[in-house]
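Participant: Model the structure of this input:
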Amino acid sequence: MYFAGYALNGVFSIMPDQIGRKKTTLYLMIINCLAQTVLLLVPNFWARSAMFFILGLTQIKIGVSYVWLSECVGNAYKSTAFTIINVFEGLTLAVVGLYYLFISRDWYYLCLFMLLISILATMLTPLCPESPRWHLTCGNRAEAINELNRMASLNIRLQRISESAIFVEDPTNYDLQQVALTELVKNDSSA
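Facilitator: Numbering: from 1, shown residues only. Model (predicted):
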């Protein structure tokens, strides 16, 4: 059932573009935590099958998290950030394997531990900034600048981004797009 849900999780693929990366991840994490809780507490085959389906359905949060991270980290640090995420993701599988090998073959306490980690991650998600790129694509320049300044303050950067900053990927900056289009046409005709 898990993989059936995983195969259908594309139904959530438009959510990050509509409501943002942060809200999408948060909502799917909440649903995931609820499904894990029911999975632990209800000893019914059909209920557990339904919860495994829901767990598979909510796994799109992982892909959304990667996109969210890539939009919040500068190009110089993206490979490091992705490596850290991959280490922790791989570490989860190693911990599960070691748990079964050396501690216990009982799945209940392992799932309870994973649920507690999921609840902690869900509670920490609201503290993270929304993607500035998402704000720009929605036409929210002020919000994008606020999020960038918030990230800069967390990184102990004293520089603030001014309200008049020009963003290359800003879809609302038509003058910059026109210049880029003019340059593209010039380069294309000279070739």
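
Participant: quick one: contacts for the residue most central in space within the chain?
Facilitator: Centroid-nearest residue in the chain: S65, 1.6 Å away (criterion: CA atoms, centre = their mean). Residues near S65 by CB atoms under 8 Å, 6 or more residues apart in numbering: 21, 25, 85. Using the backbone N, CA and C atoms, a C-beta is placed for each residue, glycine as well.

Participant: okay, who's weakest in those residues by pLDDT?
Facilitator: For the contacts of S65, the model is least confident at I85; its pLDDT is 83.

Participant: What is the helix or strand encompassing it packed up against?
Facilitator: Element membership of I85 [criterion: DSSP states H and E] is helix 78-98. When contacts are defined as 3 or more CB pairs under 8 Å, 6 or more residues apart in numbering; DSSP states H and E, helix 78-98 sits against helix 60-72.

Participant: mind checking how far the helix it packs on is from the chain centre?
Facilitator: Centroid separation between helix 60-72 and its chain, computed with CA atoms, centre = their mean, to the nearest Å, is 3 Å.

Participant: now swap in stretch 135-146 and tell me
Facilitator: Here stretch 135-146 is found 18 Å from its chain centre; the criterion is CA atoms, centre = their mean.

Participant: again, but for stretch 21-36
Facilitator: Chain-centre distance of stretch 21-36: 11 Å, with CA atoms, centre = their mean.

Participant: Which residues outside that stretch are in contact with it?
Facilitator: So stretch 21-36 is in contact with 12, 15-16, 51, 54-55, 58, 60-61, 64-65, 67-68, 71, 111, 114-115, 118-119, 121-122, 125-126, 128-131, 134, going by CB under 8 Å, 6+ apart.

Participant: Mark which of the residues you listed are part of helices, please.
Facilitator: 15-16, 51, 54-55, 60-61, 64-65, 67-68, 71, 111, 114-115, 118-119, 121-122, 134 (DSSP state H).
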